[in-house]
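J.: Turn this into a model:
(one chain, ligands or ions: 1)
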Amino acid sequence: MTDTKRVAVVTGASRGLGRAIALEFAKEGFTLALVARDAEALAQVAANCEKNGAPAVLPLSENLKDPEAATRIVDVVLKGLGRIDCLVNNAGDTKRGDFLDLSDEDHLSGFALKYHAAVRLCRAAWASMEATKGSIVNISGVGAHTPEPDFTVGGPVNSALINFSKALSKRAGASGVRVNVVCPGHIVTDRLSRRIETHAEAKGMTFDEAQEDMRVKAGIQRYGTPEDVAAMVVFLCSDKAAYVQGTVINVDGGATRGI
Ligand SMILES: NC(=O)c1ccc[n+]([C@@H]2O[C@H](COP(=O)([O-])OP(=O)(O)OC[C@H]3O[C@@H](n4cnc5c(N)ncnc54)[C@H](OP(=O)(O)O)[C@@H]3O)[C@@H](O)[C@H]2O)c1
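T.: The predicted structure is shown next:
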């Protein structure tokens, strides 16, 4: 195993995609720093990561909307674990709904977590990642490519994150740092369940009917699993992806129809 002494930082690791990404890194023998607000859920994920093979796990209960959180996290990780090889910016909570129902606060809050926290963590970790020739993966979403009227916060946040990531990959130059983006499609997490519930309510359907209706409209054979996304993220952080730089990869079962 080549990744035994590597350290990965994963945000939004208390559930959903972040949890699966953490568990996948653990299987590869990474030491982990896991970030989210829910300390109890993080402790459970940390214990499972240790069972899965992580030599050590540092759970960090932080609200990433706090502008000081990124520097605190990087300081604690470097003091406790000594290095950062991989940074996965996954935390996100952009609100869906009709444009006219979304407030300034909804827009600002969406950007505060998924965009600004990612930017701050990239900045705070950059020097350390140059030292390790590390890999950053920013989790965007297919809404970046296909704007939807009920996703006027998330779509722009996801597009901004791609633009930023591409710029950062160019800045990386010869430093050895790689910066890539993964865009999940319809992945089974609490977030997707909330979306199906809203669809069911709007259409007067049961949860199962709404789930099937959304699947057919998305043009996918099945919903994705968090493990489908985690496998791609950990691959991008591995030496096998050494020549993959500044790219955007959809993990969406073919939902994105355009090129
Ligand atoms: N699921 C999908 O189908 C899908 C599709 C496209 C894109 N994505 C993107 O993938 C990422 C993960 O989505 P998910 O479905 O796994 O979402 P999720 O199940 O709602 O999990 C979100 C994670 O972010 C953390 N988080 C939320 N607010 C936070 C804050 N203020 N500070 C720190 N951590 C915070 C949550 O932990 P705490 O509540 O403990 O803080 C949780 O661990 C998001 O960026 C989302 O936009 C998901």
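J.: and the next element down the chain from whichever strand or helix holds residue 229?
T.: Using DSSP states H and E, residue 229 sits within helix 226-236. Using DSSP H and E, the next helix or strand after helix 226-236 towards the C-terminus is strand 248-251.
J.: Starting from that following strand, tell me which strands it pairs with and how they run.
T.: Strand pairing for strand 248-251, using DSSP bridges, gives strand 178-184 (parallel).
J.: Please see if the helix or strand following the partner strand touches the ligand.
T.: Toward the C-terminus, strand 178-184 is succeeded by helix 190-203 as the next helix or strand (DSSP H and E). Yes. Helix 190-203 reaches the ligand (C-beta under 6 Å from any ligand atom) through 190, 191, 192. From N, CA and C alone the C-beta is placed, and that goes for glycine too.
J.: Could you grab the helix/strand/coil label for residue 10?
T.: Under the three-state scheme (DSSP: H, G, I helix; E, B strand; the rest coil), residue 10 adopts strand.
J.: Could you do the one 10 residues further on as well?
T.: Residue 20 carries the three-state label helix when classified by three-state DSSP.
J.: Pretty sure residue 224 is one of the things it touches, is it not?
T.: No. Applying C-beta atoms under 8 Å, one finds residue 20 not in contact with residue 224, separated by 10.6 Å.
J.: who's more crowded, the two?
T.: For residue 20 versus residue 224, the count of surrounding residues by other C-beta atoms under 10 Å is larger for residue 20: 25 against 20.
J.: Pull the contacting residues for that one.
T.: By C-beta atoms under 8 Å, 6 or more residues apart in numbering, the contact list for residue 20 reads 225, 226, 227, 229, 230.
J.: I'd say the first one and residue 188 touch.
T.: In other words, residue 225. Yes. Taking contacts as C-beta under 8 Å, residue 225 lies within contact range of residue 188: 6.0 Å.
J.: Would you verify that residue 59 is located in a helix?
T.: No. Read with three-state DSSP, residue 59 is strand and lies in no helix.
J.: Count the neighbours of it for me.
T.: Applying other C-beta under 10 Å, we find 23 residues neighbouring residue 59.
J.: Contact partners for the closest residue to residue 219 other than its chain neighbours?
T.: Sequence neighbours aside, residue 255 is the residue nearest to residue 219 in space, at 6.1 Å (criterion: C-beta to C-beta, 6 or more residues apart in numbering). Counting by C-beta under 8 Å, 6+ apart, residue 255 touches 142, 185, 186, 218, 219, 220.
J.: What mean pLDDT does stretch 18-30 get?
T.: For stretch 18-30, the mean pLDDT works out to 98.
J.: about what we covered before: hmm, which of the contacts of residue 255 are the buried ones?
T.: For the contacts of residue 255, a burial check counting by 16 or more other C-beta atoms under 10 Å picks out 142, 185, 186, 218, 220.
J.: Check the first one and give its pLDDT.
T.: So that's residue 142. Looking at residue 142, its pLDDT reads 98.
J.: That one against residue 183, yeah?
T.: Yes. Residue 142 lies in contact with residue 183 (C-beta under 8 Å); the separation is 4.9 Å.
J.: Tell me what residue 89 is bridged to.
T.: Partner residues in beta bridges with residue 89, using DSSP bridges, are residue 138.
J.: mind listing what it touches?
T.: Contact analysis of residue 89 by C-beta under 8 Å, 6+ apart lists 11, 114, 117, 118, 121, 122, 136, 137, 138, 139, 161.
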